[in-house]
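**Student:** Build me a structure from this.
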Amino acid sequence: MVPASLRLRLVVPGNIRHNSGGNVYNAALARGLADLGAEVETCPLDGGWPGGSAEDRRRLSGLLLSAPRGSVTLVDSLIASGAPEEMEAAAAAGHPAWILLHMPLPDLEREGRAMAAAAGVICTSGSAAARIAARHGLDNIGVALPGTASAPLAAGSLATGSGVPHFIAVAALLPNKDQALLLDALAQLTELPWTASLIGSDTADPDYAAWLRDSVQRLGLVRKVSIPGELRGGALEAEWSAADLSLLISRAEAYGLVVIESLARGIPVVVRDGTGAVEALAAGGGTPLPGRAVGLGTDPAPLADLLRQWLTDAALRARWRDAARAGRGRLPGWDATARTVLEIVGAHGRPTGWSPRPSQAGSAG
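**Tutor:** Below you'll find the predicted structure:
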């Protein structure tokens, strides 16, 4: 019997233009699902999400209510969690949509209504799933962790025992990512040799990006820190290749895709304790961890102290680097993410006779 094709529509926000973790996840998931034999339609929806205008929500409602019979609609939580009325109307019309949750939103009441109306919720991290379950008492929550693509091993500036250590912080220039605290920590280390690149979109919050660049001047870091904006292609790969330590100290993070992108290149990572990035740091399994989670508030001293320790302790650098390289082969690929999504959706019903096509993709190592 020829398997029936599963048709899946992925509704994603069109107003997030920068290379966010959510955008990367959504695009990689769509490719992974197609590779497994699903018929995937990605539907970018422009608007002021989360929340959106009345016209934005009208267009969402049209998408949800026009779902082909037997298809599955998966809506990014940035859209769905702020549009409970549209999710409820779709469910009442017999077209309940799934929610793909990257990050919980502040409006608990509207988020809870949207999730109660959904066919189910798929979270992109265990920490997000636990938070949502505690918030709303839901039991229809699945977890599909991010994968990562194979990547070359980063040479790093210290690979041969010479050169200046290089930090890399890949994240949009946004207050939540707390590059301001990072710069304050680095300013306490100016007597040591190092360089740093803060790489990410400077258009998502232009005022904050400008303030960060002014801070580089104010803190006397011009010779050590560059803020080139968002990089892609060869320019980004060159930065990855030169990196010795990756930094992600966001105040809130559901997972932190850049953490496993770093680990895929054998680059250890420092993350903020208490965020979902801690989960990502352990993605490769094994001990010791390829980096460390540091407790942070508004004082940069704990981060500065840890970075000073790393800069001055060759044995620590070697342990973290060896752990990152050892875990590369254990990182899941995006095929695993796609297969998990299909298994979750399938547990709630799929077209008769459908089964995923065997994938040739392997782990990210």
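
**Student:** Just the CA trace of stretch 284-303, in CSV.
**Tutor:** These are the backbone C-alpha positions of stretch 284-303, laid out as CSV (Å, rounded to 0.1, in the frame of the first residue of the first chain):
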residue,chain,number,x,y,z
GLY,A,284,25.4,16.2,24.2
GLY,A,285,25.2,14.1,27.4
GLY,A,286,28.3,13.0,29.3
THR,A,287,30.3,14.6,32.1
PRO,A,288,31.9,17.0,32.7
LEU,A,289,29.6,19.6,31.1
PRO,A,290,31.1,21.5,28.2
GLY,A,291,31.0,24.8,30.0
ARG,A,292,29.1,26.2,33.0
ALA,A,293,25.9,27.8,34.2
VAL,A,294,26.5,30.9,36.2
GLY,A,295,24.1,32.5,38.6
LEU,A,296,23.5,36.1,37.6
GLY,A,297,21.4,39.0,38.6
THR,A,298,22.4,42.6,37.8
ASP,A,299,25.9,42.3,39.1
PRO,A,300,28.5,41.4,36.4
ALA,A,301,31.0,40.2,39.0
PRO,A,302,30.1,36.5,39.0
LEU,A,303,30.4,36.4,35.2
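
**Student:** tell me the average confidence for it?
**Tutor:** Averaged across stretch 284-303, the pLDDT comes to 94.

**Student:** I'd like to check what contacts that stretch. Which residues are they?
**Tutor:** When contacts are defined by Cβ atoms under 8 Å, 6 or more residues apart in numbering, stretch 284-303 is touched by residues 178, 181-182, 184-185, 187-188, 245-246, 249, 260, 263, 268-274, 277-278, 281-282, 306, 319-321, 323-324, 326-328, 330-331. To be clear about C-beta, it is placed using only N, CA and C from the backbone, and glycine gets the same treatment.

**Student:** Give me the subset of those residues that lies in strands.
**Tutor:** Members of these lying in strands (criterion: DSSP state E): 245-246, 269-272.

**Student:** Generate a ChimeraX selection restricted to the buried entries among the contacts of stretch 284-303.
**Tutor:** In ChimeraX syntax, the buried subset of the contacts of stretch 284-303 is picked out as below (16 or more other Cβ atoms under 10 Å):
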select :178,181,182,184,185,187,188,245,246,249,260,263,268,269,270,271,272,277,278,281,306,319,320,321,323,324,326,327,328,331
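
**Student:** Among the contacts of stretch 284-303, name the ones in helices.
**Tutor:** 181-182, 184-185, 260, 263, 277-278, 281, 306, 319-321, 323-324, 326-327 (DSSP state H).

**Student:** can you pull up the bridge partners for Val225?
**Tutor:** For Val225, the beta-bridge partners are Ala196 (DSSP bridges).

**Student:** which of the ones in strands among the contacts of stretch 284-303 lies closest to Ala54?
**Tutor:** Within the ones in strands among the contacts of stretch 284-303, proximity to Ala54 (Cβ to Cβ) peaks at Arg272, which comes in at 37.7 Å.

**Student:** any idea what sits nearest the closest one, other than its immediate chain neighbours?
**Tutor:** Distances taken as Cβ to Cβ, 6 or more residues apart in numbering put Ile249 closest to Arg272, at 4.6 Å, once the chain neighbours are dropped.

**Student:** Can you tell me how far that neighbour is from Ala323?
**Tutor:** 20 Å (Cβ to Cβ, to the nearest Å).

**Student:** So which residues of the protein form helices?
**Tutor:** Under DSSP H, the chain gives helices at 21-35, 54-65, 77-80, 84-92, 108-117, 126-136, 179-186, 206-218, 233-242, 257-263, 277-281, 301-312, 314-327, 334-346.
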